[in-house]
Structure formats: structure tokens, C-alpha cells
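Asks: mind looking at a prediction? Sequence and model below.
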Amino acid sequence: MTEETREQMINRLKVELGDYLHETYEVQCAFHGKITGTFDKFLNNQVGCKQCIKQGMVTWDRDFHQGIIWQAINKLIADNKLAIKQAEAEELENASI
């Protein structure tokens, strides 16, 4: 099996996010206040707090803000997959009644 490239991963995440792709997220920067964006825009350009980046605090921004957004993306996908499995199980249960 070949390893997934970053571009392939981002394209896969966009598909897996489905309707959540255009949802707005909000992250609080400890230095500069609220950061908002959409998952679609984040996947196209993974940045966090623009003020942190302007001030050269790229490691802080990347490790903290981006990490939270990546976690949110993965949680949304996992929650969506779980909801689909539960709905399918309910359909099977109802069909057998």
C-alpha cells in the first residue's frame, strides 16, 4: 500500500467532511483573540492566527491553533461515520420487525 500524500489526504478529508466542509469554526488565540474560518478554507490553506504568523510565532500558531482545527476535523468525520452506522443499524432493526 502506498502512503497517502498531503494533497490526497486533504482531498479525502474534504470528501469525508461532506456537509461540514463549509461549517465555521472558532478558536481562541491566547494573544490575539478570536480566530474564525471555515474547514474548507483551512484545508486549502492551513493557517491559524494571522497575527501570530505576522509576529513570527509560526511554531506556536502551527502547533496549537492548527492542532485544534485538525482535531475538530477528525472528530466531525468520526462522529458522522458513527451516526451513519447507527442509522444503518436502526434501519436494519426496523426492517426486521
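Replies: The structure has been received and is ready for your questions. Numbers count the residues shown, from 1 in each chain.
Asks: what about the protein, any weak spots by pLDDT?
Replies: Low-confidence segments of the chain, defined by pLDDT under 70: 1, 97.
Asks: hey, where'd the helices end up in it?
Replies: If DSSP state H is used as the criterion, the helices of the chain fall at 6-17, 39-44, 50-54, 58-60, 67-95.
Asks: between those helices, which gets nearest to V27?
Replies: Distances from V27 to each of the helices of the chain were compared using CB to CB; the minimum, 5.5 Å, belongs to helix 67-95. (Each C-beta comes from the backbone N, C-alpha and C, glycine too.)
Asks: show me what the closest one packs onto, helices and strands only.
Replies: Helix 67-95 makes packing contacts with helix 6-17, strand 24-29, helix 39-44 when contacts are defined by 3 or more CB pairs under 8 Å, 6 or more residues apart in numbering; DSSP states H and E.
Asks: run a quick neighbour tally on G48.
Replies: Around G48 sit 25 other residues, with neighbours defined as other CB atoms under 10 Å.
Asks: list the contacts of the closest residue to it other than its chain neighbours.
Replies: Of all residues not flanking G48 in the chain, H65 sits nearest, at 2.8 Å (CB to CB, 6 or more residues apart in numbering). Neighbouring residues of H65 by CB atoms under 8 Å, 6 or more residues apart in numbering: 27, 29, 35, 48-49, 52.
Asks: how close does the spatially most central residue of the chain get to Q46?
Replies: A centroid search over the chain (CA atoms, centre = their mean) returns I73, at 2.0 Å, as the residue closest to the centre. I73 sits 11 Å away from Q46 when distances are taken as CB to CB, to the nearest Å.
Asks: ok, which of the helices and strands packed on helix 67-95 comes nearest K81?
Replies: Judged by CB to CB, the one of the helices and strands packed on helix 67-95 that comes nearest to K81 is helix 6-17, at 8.0 Å.
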